[in-house]
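J.: predicted model, plus sequence, below.
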Amino acid sequence: MPKQKLNPLPSAAFQILLALVGEDLHGYGIMRNVAEHTEDRMRLGPGTLYNSIRTLLEEKLIEEVESPRESVKNERRRYYHLTLAGRKLVRCEAERLAGLLRVARSKNVLRDYV
Amino acid sequence: MSEAIFRLLLHLYPSRFRQEYADEALQLFRDRARHESGVWPSVRLWIDLLTDTAISLPREYCYTRSHVAGASAQGCLDGVPTFFVFDTVSPGRRPLLLGGLLSLITLVSFPKLMNEFGNFRPPTDLTFAPSGAYEKQREEAWRRVSQREQSVGPAQPGSSSTFDGAARQRIIKNAIASIRQHHLDRNEAQEAADALLAHERRGDDDAATSTDEFASLLTRQMREATGSNELVLLYTKNDIPERTPGPEPPLPAAYRDDMQRLNCTFERVEILPHKIGYLKLNAFPDTSVCRPTATAAMAKLNDADALIFDLRDNRGGFPSMVSLLAAYLFDHPEYMYCPLENTTAESWTRSPVPGNKLADKPVYILTSSRTISAAEQFSYNLKMLKRGTLVGETTAGGGHAANLHDIGDHFYVGTIEVNAINPYGKSDWNDTGIEPDFKVKAPDALNAALGLIDKRLHVEQSHSLTTP
């Protein structure tokens, strides 16, 4: 069932994986990161966010880790870390999108500055 | 405050989700609320939350369901009904109790509501007619006996109570005295009395071991001797008040209200294609209340080439309305036989009705096994006068009523005390019902009548064309 959910990879799941590239984040951190990357066009709500996180956890694309900062270890927040499989998947998806971008460029459907 | 609302919102999610992520979701909400202060950011926050809830809730329940179904599937037995719940936690005692209570209330109130709003047919107890009319006698006597009381003589052979020989003798003696005193037909009264005494002497009554059987047996003896079914002996454990002579009691206000609400039971008054007048009438209401409605209905049908009276749901009423409607179907006064009223000047219709054009138009009457009482009087008279064609089922056969007289020991004798002249013979429709001219199932009666009318009008039309 989860595999079917990620094939094709939903936009929210891809954005979460992308947010976790380079740093471990908690839920709100992921949400903020996604909002910044998408210029506020995607603001993940709790339902969508944690539903996606659970799916990614089940697929072992991300994993829970302890707080990376000593000062916030006592906080009851869960941090998430991108696994190797997750990293591969995010790269595959990025390449797929890049391929699409190339096609779009070749067909002159994009403006110059893209 | 807003956090409390969000907590409530979280309760919409399955418990599995709440257990895993409620704290996280709350933390996320707090973080956003802290960073997004101000009017517009707050509004945007709530728009986000509500949209997210609407989108993610179905997904969550689908997810939970697939897991629950998957987990339970192995425990299922072939052919055994299995119930799955969205939630993974069993409902507590309180929700179960509340759910049960709500189901019970719904179950009880649904038929009541259906009766109240879902059924336009007029209630069968519309006929609170004054004494002298059908229902006063019928409803007050028969219904009180046969509906309210459960231990009635001839109709209820189940009673097992026994009584001794002295009581039997006393009942027979009192029954004979009452019949002789009250029954209008003296010859019948004598025949019944003789028969009762003869059977008693022969010991025929010993066959009846209970009061109910005894009442049934004596009723049968009287009916065999007289050849009519007007006399009756009833047994009931409860008292039946004697009907007191005197002026007619006024119509109850509830009757007027009912009639107003139900358009005097004139359910449909229409001119169908080919100028066929159609009147669906579900009772024969009292003329003092419903005369304007009746005259308006007949005026609407005045230009019809044929008439259909749909009496399939008609539960009877007042002879005065029978005469009023029948008056439109004749060009001269016509006698309307009514078994419950003395024959008087009122027994004739007041025909011709000024301006009426229906006196020579073919009339079809639709009947069912529910058609009863005054509706049978209307149908019977028009059939016997060859003025109407009956299409449908044999009627209920509930014309006569008896006045009940208490003769002691919870026995009652029913006698006929009006002098109604039936010009068509001794028996009418009482108990037997009226046979239709064209027997079809009640639901098919309208189509059958339309077919007959079509044929008849067509024949008449071709006849008038060929006649020079």
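T.: Looks like it came in fine. Numbers count the residues shown, from 1 in each chain, chains lettered A, B, ... in the order given.
J.: buried sites along whatever helix or strand residue B:187 lives in?
T.: Here residue B:187, judged by DSSP states H and E, is contained in helix B:186-202. Within helix B:186-202, the residues that count as buried by 16 or more other C-beta atoms under 10 Å in any protein chain shown are B:188-193, B:195-196, B:199-200. Quick note: C-beta positions are derived from backbone N, CA and C, even for glycine.
J.: among those residues, name the least confidently predicted one.
T.: Ranked by pLDDT, the buried residues of helix B:186-202 bottom out at residue B:188, which has 86.
J.: touching the longest helix seen in chain A from outside, list them.
T.: Counting residues, the longest helix found in chain A (DSSP state H) is helix A:84-106. By C-beta atoms under 8 Å, 6 or more residues apart in numbering or on different chains, the residues outside helix A:84-106 that reach it are A:6, A:9, A:14, A:17-18, A:20-21, A:56, A:59-62, A:82, A:110, A:114.
J.: for it, buried residues please.
T.: Of the residues in helix A:84-106, A:86, A:89-90, A:93 count as buried by neighbour count, 16+ other C-beta under 10 Å.
J.: could you dump these to TSV with pLDDT and distance to residue B:344?
T.: Converted to TSV, those look like this (pLDDT from 0 to 100; distance: C-beta to C-beta, whole Å):
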residue	pLDDT	distance to residue B:344
A:86	92	103
A:89	92	102
A:90	91	104
A:93	90	101
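J.: with those in mind, which one is nearest to residue A:50?
T.: Using C-beta to C-beta, the shortest approach to residue A:50 within the buried residues of helix A:84-106 belongs to residue A:86, at 16.7 Å.
J.: and the closest residue to the closest one other than its chain neighbours, how many neighbours?
T.: Leaving aside its sequence neighbours, residue A:86 sits nearest to residue A:61 (C-beta to C-beta, 6 or more residues apart in numbering or on different chains; 3.6 Å). Using other C-beta atoms under 10 Å in any protein chain shown, residue A:61 has 26 neighbouring residues.
J.: please enumerate the strands of the stretch 351-468 of chain B.
T.: B:363-367, B:388-392, B:403-406, B:411-415, B:438-439 (DSSP state E, counting those that start in this stretch).
J.: list the contacts for the residue nearest the centre of chain A?
T.: Nearest residue to the geometric centre of chain A (C-alpha atoms, centre = their mean): residue A:16, 1.9 Å. Shown in contact with residue A:16 (C-beta under 8 Å, 6+ apart): A:30, A:34, A:44, A:49, A:52-53, A:56, A:62.
J.: so which of those reach chain B?
T.: When contact is defined as C-beta under 8 Å from any C-beta of the partner chain, the contacts of residue A:16 meet chain B at A:44, A:49, A:53.
J.: in JSON lines: these, plus pLDDT, neighbour count and secondary structure.
T.: Putting the ones next to chain B among the contacts of residue A:16 into JSON lines (pLDDT from 0 to 100; neighbours: other C-beta atoms under 10 Å in any protein chain shown; DSSP: H, G, I helix; E, B strand; the rest coil) gives the following:
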{"residue": "A:44", "pLDDT": "90", "neighbour count": "28", "secondary structure": "coil"}
{"residue": "A:49", "pLDDT": "93", "neighbour count": "25", "secondary structure": "helix"}
{"residue": "A:53", "pLDDT": "93", "neighbour count": "24", "secondary structure": "helix"}
